[in-house]
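Asker: Whatever this is, show me its structure:
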Amino acid sequence: MLKFKSGRLTDLQYQPYYQELGIEDQPKQQQTLVGKILLAKLLELPEKTFLSGNSIAEGEHGKPYFTDRNEHFNISHSDNLVTVAVSDQPIGIDIEKIKPKQLGKLSHAFNVGEIAYLNKLHDPRKSEQILRLWTIKEAVLKELGLGLTSKPKNIEISLPRMDYATRDGEKFKIDFLGIDHEYIGTMATKVK
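Answerer: From the prediction side, this is the model:
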């Protein structure tokens with residue numbers, strides 16, 4: 001079972017919540033709130049009841065989990081978009097807004113083979129592929145519950161297909177989420 005849903009911070013349906021909570025000009029709090037509302041919708045739970053409950057906790061490195069349910073979920077946000085995925089197995093997702101990215105800023109995250117692959121490409125494809133590789137690495141680390149506390153460079157991606165990644169002998173299936181033409185979204189699940 002896998003379900004995912006996205007929402008924009010500017011969607012009118014969220015405005016009453018922002019006003020009620022006094023967070024009209026606080027994008028970080030809005031991202032958190034929209035993530036919880038999307039999660040309630042995916043679980044088919046009443047939003048107000050879900051928002052007032054305490055059924056979500058965080059792991060050692062900040063990965064959220066349910067304290068009272070068996071499902072797994074993950075949330076990602078970038079700029080104005082929030083995406084939530086729910087699954088029956090651990091899952092990691094990452095989204096990034098597509099904008100020009102320079103390899104130099106993220107080169108610490110890529111291994112020699114990935115840098116060689118990227119150096120063969122030219123913009124605008126190169127910028128998009130940098131983001132694809134980055135979102136794969138972040139989704140894998142989020143699936144593991146590590147976030148960016150671990151080195152992204154230690155994740156190896158199957159190039160050029162980008163359908164699998166490995167880290168310390170563990171293999172992850174990679175899927176790209178078609179959420180919005182302005183964003184790249186990636187999902188990682190462990191291969192059993």
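
Asker: And the strands in the protein?
Answerer: 2-8, 56-58, 64-66, 72-78, 81-87, 92-97, 156-157, 164-167, 170-177, 183-190 (DSSP state E).

Asker: in the first one, what's buried?
Answerer: By neighbour count on 16 or more other CB atoms under 10 Å, the buried set for strand 2-8 is 4, 6-7. For the C-beta atoms, the positions are set from N, CA and C on the backbone; glycine is no exception.

Asker: of those residues, closest to Pro124?
Answerer: Ser6 (22.9 Å; CB to CB).

Asker: so what's that closest one closest to, chain neighbours aside?
Answerer: Excluding its sequence neighbours, the residue lying closest to Ser6 (CB to CB, 6 or more residues apart in numbering) is Thr83, at 4.4 Å.

Asker: For the one you found, give the beta-bridge partners.
Answerer: In this entry, Thr83 is beta-bridged to Ser6, Ser76, by DSSP bridges.

Asker: tell me the contacts of it?
Answerer: 4-6, 38, 75-77, 93, 95, 177, 179, 185 (CB atoms under 8 Å, 6 or more residues apart in numbering).

Asker: what's the answer for Phe110, then?
Answerer: Applying CB under 8 Å, 6+ apart, the residues contacting Phe110 are 103, 118, 133, 152-153.

Asker: Ok, Leu9 next?
Answerer: If you count contacts by CB under 8 Å, 6+ apart, Leu9 has them with 27, 30-31, 34, 80-82.

Asker: filter those to the buried ones?
Answerer: Counted by 16+ other CB under 10 Å, these give 30-31, 34, 80-82 as buried.

Asker: packing partners for the biggest helix by length in the chain?
Answerer: The longest helix of the chain (DSSP state H) is helix 125-143. When contacts are defined as 3 or more CB pairs under 8 Å, 6 or more residues apart in numbering; DSSP states H and E, helix 125-143 packs onto strand 72-78, strand 92-97, helix 103-106, helix 112-119, strand 156-157, strand 164-167, strand 170-177, strand 183-190.
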